[in-house]
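In: with the input below, show me the fold.
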Amino acid sequence: MMTKIGVLVGSLRKESFSKKIANNVASLFPDDYELEFVEIGHLPFYDQDYDDDNAVPESYKAFREKINELDAFLFVTPEYNRSVPAVLKNALDIASRPKVDNMWNDKPAAIVSQSPGNLGAFGANHHLRQTLTAINMPVVQHPEVYLSGSANLLDESGNITNEGTLSFLQSFVDNFISLIKVHK
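Out: Numbering: from 1, shown residues only. Model prediction:
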C-alpha cells in the first residue's frame, strides 16, 4: 500500500534552498512512498471568525482536505528571526483549528531546517517541534537535521553532491519511515 507524505516548505522564494533540499530528501524515499509538495503560500492568515461564522474560505477547505488525505509530513524550513516563517505557522494553524478537527492529529512528522549561516536554523527547528507537539504529531527525534551552509551544499542543478550529507539524510529518512510504520 502506498504511503502518502506531504512536503511543506517554509520558504516561498522560487529558488529557495529549502525547496531544493526538500527535492533532494524526497528522492531518498523508497518507491512505495509517494511524496507530494503541498502549497501554502496562497492561504490567507488564519482567522477563527471564519470557523465561528461558518464562512471558511475555499482555500482553507481544500487545504484541510489535502492534509486529511496524507499519512505523514516532511517539513523543510529556513529560519526567520530565530523561528519558523509565518507562512508555515499559518498552514499549521489552519489545519489544526478548530481543535476538534485537527487534521494533523497523530500523523508522523520529520523536520529539516536549513540556513546559509552556521546555525542550521536551530531556532526554527525547535520552534516547529514545539508546535508539532502541541498539535499531537509524533516527530523524528534522531537524527535531528540542521543543515548549515546550505548554499554550499547544492550544485548548480540544485543537487546535494556531498556523500556524507546524503548518507546522513538517508539515515534521517530511514528513521522517518520507521516512525511512520509504528503509527500505521
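In: residue boundaries of the helices in the protein?
Out: 17-26, 48-52, 58-69, 86-96, 122-134, 150-153, 163-182 (DSSP state H).
In: just name whatever secondary elements the third one is in contact with.
Out: Pointing back at helix 58-69 there. Helices and strands touching helix 58-69, by 3 or more CB pairs under 8 Å, 6 or more residues apart in numbering; DSSP states H and E, are strand 3-9, helix 86-96. Yep, even glycine has a C-beta here, placed from its N, CA and C like the rest.
In: got the buried residues for the longest one?
Out: It stands for helix 86-96. Across helix 86-96, burial judged by 16 or more other CB atoms under 10 Å covers 87, 88, 89, 90, 91, 92, 93, 94, 95, 96.
In: now do the same contact list for the fourth one.
Out: The contact partners of residue 90, taken as CB atoms under 8 Å, 6 or more residues apart in numbering, are 40, 43, 45, 46.
In: with adjacent residues omitted, what lies nearest to the last one?
Out: Same thing as residue 46. When the adjacent residues along the chain are set aside, residue 46 lies closest to residue 93, with 4.2 Å between them (CB to CB, 6 or more residues apart in numbering).
In: by mean pLDDT, flag the weakest helix or strand of the chain.
Out: helix 150-153 (a mean of 93; mean pLDDT, DSSP states H and E).
In: per-residue confidence for residue 162?
Out: What the model reports for residue 162 is a pLDDT of 96.
In: please apply the same query to the one 10 residues further on.
Out: On the pLDDT scale, residue 172 is placed at 98.
In: I'd say it and residue 110 touch.
Out: Yes - checked against CB atoms under 8 Å, the pair residue 172 and residue 110 is within contact range at 6.9 Å.
In: one step back: for residue 36, which of the helices of the chain is the nearest?
Out: Shortest separation from residue 36 across the helices of the chain is recorded for helix 58-69, at 8.2 Å, computed as CB to CB.
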